[in-house]
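[1] Build me a structure from this.
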Amino acid sequence: MSTKRLTAGVLAVLMAAAVLAALLPAGGSARSGATFKAALISDVGHFNDKSFNQSQLAGLNLAKRKLKVQTLAIQSNNSSDYIPNLTSAIRQNSNLVISAGFLMAGALQTVAAQFPDTNFAITDDTVSSAFGDFKGADVHNIEGLTYATQQNSYLIGCMAAMVTKAAKGKQVIGVVGGIKIPPVDVFLAGYEAGAKKCVPSTTVLKGYSQDFVKQDLCKNVAENEIQGGAHVVFAVAGLCGLGALSAAKDHGIWGVGVDRDQSFLGTYILTSAVKRVDIGVFNAIKGAKAGKFKGGSNAVFNLKNNGVALGKISPKLKGKLRKQILAKVAVLRKQIISGKIKVPTSVS
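    Here you go, the predicted model:
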């Protein structure tokens, strides 16, 4: 073989190696945007729920645009999909896999143990090996994304009680929960406490659809509460909750949205208990991409850091009453942030 042919062959090998190196992921914990992939697995509420799952999907899409990462969204139709969907995301080379809710904790614990080198996050659950859903588990590769929704729900309970008092009818408000689990009950606890803080005589009717999807189930619960005298219905049930809000609209009373600002549904929406799960998802991806994944710990979102908030206040709330309510809410908000008011997290 001539020297020229040998040199050409060596150069070809070196060039091929260079191309291959360029295609392979860089070493270290931080990953470039081109090779980092984040996956989001919905719970049974679906990505079109106009609430909890859809807001998280917005966070995933924001990360795709802003952080230039690859993304993967997989919808779960029932709980039996959780483990296959989580596993599918890993098989598709996802670097961070986010479980969209508390209901997925058991499945996540199983899969995270099988894939200790993959990073995971879960919305609405506290990650600890000492207690809770992950007690006794190795949580080094799981981050919890938790939300103090009792805080903004407390403010909404006060608002609901005050508009009801002004209506001069029965001092009754309602709330429709989905499945009775801690991330739902925390809304209800704050709502009831806030209502009784501002108008102690308030009766809070609480009901559960035991579902996050079927709108007719939530509508039936809301109808019962409205027949019981409720002037306001707070829907805490994802896609199912749209049925409860529909009942409020049908009867000409106030509705309160959840997770996203649901003022787009109409001016009958008094406000919404906004839970910035979109920001939680985005921040988890941003940290993991930068090599700063916080496994075994929990990111906490609250009023102080704007992780929970109030949505748009209805323009139908006008005049002196609007001013009185907003002034009261502003005072309570400061007291919650300062720690003067400790809002309960469990239903009485």
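[2] pull the helix or strand with minimum mean pLDDT from this structure.
    Sorting the helices and strands of the chain by mean pLDDT, DSSP states H and E puts helix 3-23 at the bottom, at a mean of 36.
[3] Just name whatever secondary elements the helix or strand following that helix is in contact with.
    Note on helix 3-23: by DSSP states H and E, the next helix or strand toward the C-terminus is strand 37-41. Applying 3 or more C-beta pairs under 8 Å, 6 or more residues apart in numbering; DSSP states H and E, one finds that strand 37-41 contacts helix 52-67, strand 70-74, helix 82-91, strand 96-99, helix 277-289. Placement of C-beta: from N, CA and C, glycine included.
[4] want to throw the ones you listed into a markdown table with distance to Ala137 and mean pLDDT?
    Shown next, in a markdown table, are these (distance: least, C-beta to C-beta, whole Å; pLDDT from 0 to 100):
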| stretch | distance to Ala137 | mean pLDDT |
| --- | --- | --- |
| helix 52-67 | 23 | 98 |
| strand 70-74 | 23 | 98 |
| helix 82-91 | 15 | 98 |
| strand 96-99 | 14 | 99 |
| helix 277-289 | 19 | 98 |
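[5] Take these and lay them out in JSON lines including distance to Val213 and mean neighbour count.
    As requested, the helices and strands packed on strand 37-41 are exported to JSON lines (distance: least, C-beta to C-beta, whole Å; neighbours: other C-beta atoms under 10 Å):
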{"stretch": "helix 52-67", "distance to Val213": "10", "mean neighbour count": "21"}
{"stretch": "strand 70-74", "distance to Val213": "17", "mean neighbour count": "18"}
{"stretch": "helix 82-91", "distance to Val213": "15", "mean neighbour count": "19"}
{"stretch": "strand 96-99", "distance to Val213": "18", "mean neighbour count": "30"}
{"stretch": "helix 277-289", "distance to Val213": "18", "mean neighbour count": "23"}
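[6] which one of those lies closest to Val163?
    In terms of C-beta to C-beta, the element of the helices and strands packed on strand 37-41 nearest to Val163 is helix 52-67, at 25.3 Å.
[7] before we move on, back to that, ok, which of the helices and strands packed on strand 37-41 comes nearest Val300?
    Nearest of the helices and strands packed on strand 37-41 (C-beta to C-beta): helix 277-289, 9.9 Å.
[8] Please name the nearest non-neighbouring residue to Lys37.
    Leaving aside its sequence neighbours, Lys37 sits nearest to Gln70 (C-beta to C-beta, 6 or more residues apart in numbering; 4.1 Å).
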